[in-house]
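predicted model and sequence follow; I will ask about them next.
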Amino acid sequence: MNQPDPQRNPDPPDAFGLVPGSHLVSPRLAWIHHGLYLGDGQVIHYRGLSRGLCSGPIEEVSLQVFADGHEVSVLAQPLNRQVGQQIIARARTRLGENAYAVLNNNCEHFCNACAWGLAYSLQIEQIRLRGKPTLVAQRLLRWWSRGLVRWLGDLAGSRETPQVV
């Protein structure tokens, strides 16, 4: 009889259809947000800029809060239960850390450091390697500049919003 090898197979999905220790991704307007699934519908993530322009700490939140109305998918899942628990343990050692930096300590850096031991962000590396803004960076810059122009217009008491080209 061919028995599954517990050292090679991940845990079966939980009631939410996810395996603890899985690396989750959720597309946003101009980037992809990353988090690690803890089990029981909970996620640990670097809040960073996921809820606005003010950065936030590494925190545990519900899957619904992590998704923030966006789709969530699994980028990678652990090899087995032991690996998943190690990923979660490493993530929890950083709980409350509030040193978010888009270029070198963002939510993707956090998840990769916990899962692989290497703080790496493919999104940032793509920008660095190209030497020019990607479509994602262009959208983010356009979105940010429009908000800034509106804010400056409101600050000046203007009812008309200058056009950003």
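Great, that's in hand. Numbering: from 1, shown residues only.

could you give me the buried positions within the helix or strand that contains E60?
Taking DSSP states H and E as the criterion, E60 maps to strand 58-62. Residues I58, E59, E60, V61 are the ones in strand 58-62 that count as buried (16 or more other Cβ atoms under 10 Å). From N, CA and C alone the C-beta is placed, and that goes for glycine too.

check stretch 107-117 too.
So for stretch 107-117, counting by 16+ other Cβ under 10 Å, buried means C107, E108, H109, F110, C111, N112, A113, C114, A115.

next: stretch 87-103.
Quick answer for stretch 87-103 (16+ other Cβ under 10 Å): I87, I88, R90, A91, Y100, V102.

what is the nearest of the residues you listed to L79?
I87 (10.2 Å; Cβ to Cβ).

how about the backbone phi and psi for that closest one?
phi -60, psi -50 (degrees, to the nearest 10).

chain neighbours aside, what residue packs nearest to it?
The spatial neighbour of I87 that comes closest, neighbours along the chain excluded (Cβ to Cβ, 6 or more residues apart in numbering), is G21 at 4.2 Å.

is the one you found in contact with Q77, as I believe?
Yes. Using Cβ atoms under 8 Å, G21 is in contact with Q77, at 6.9 Å.

those two: who's more crowded?
G21 (29 against 21; other Cβ atoms under 10 Å).

check for me that the more buried one belongs to a strand.
No. Counting by DSSP: H, G, I helix; E, B strand; the rest coil, G21 is not part of a strand but coil.

render the CA-only coordinates of the helix or strand hosting L36 in PDB, please.
Using DSSP H and E, L36 maps to strand 32-39. What follows is strand 32-39 as a C-alpha-only set of coordinates in PDB (Å, rounded to 0.1, in the frame of the first residue of the first chain):
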ATOM      1  CA  ILE A  32       0.900  42.900  -5.200                       C
ATOM      2  CA  HIS A  33       0.400  42.600  -1.400                       C
ATOM      3  CA  HIS A  34       2.000  39.500   0.400                       C
ATOM      4  CA  GLY A  35       1.200  37.700   3.600                       C
ATOM      5  CA  LEU A  36       1.600  34.300   5.300                       C
ATOM      6  CA  TYR A  37      -1.300  32.200   6.200                       C
ATOM      7  CA  LEU A  38      -1.400  31.100   9.900                       C
ATOM      8  CA  GLY A  39      -4.400  28.900   9.900                       C
END
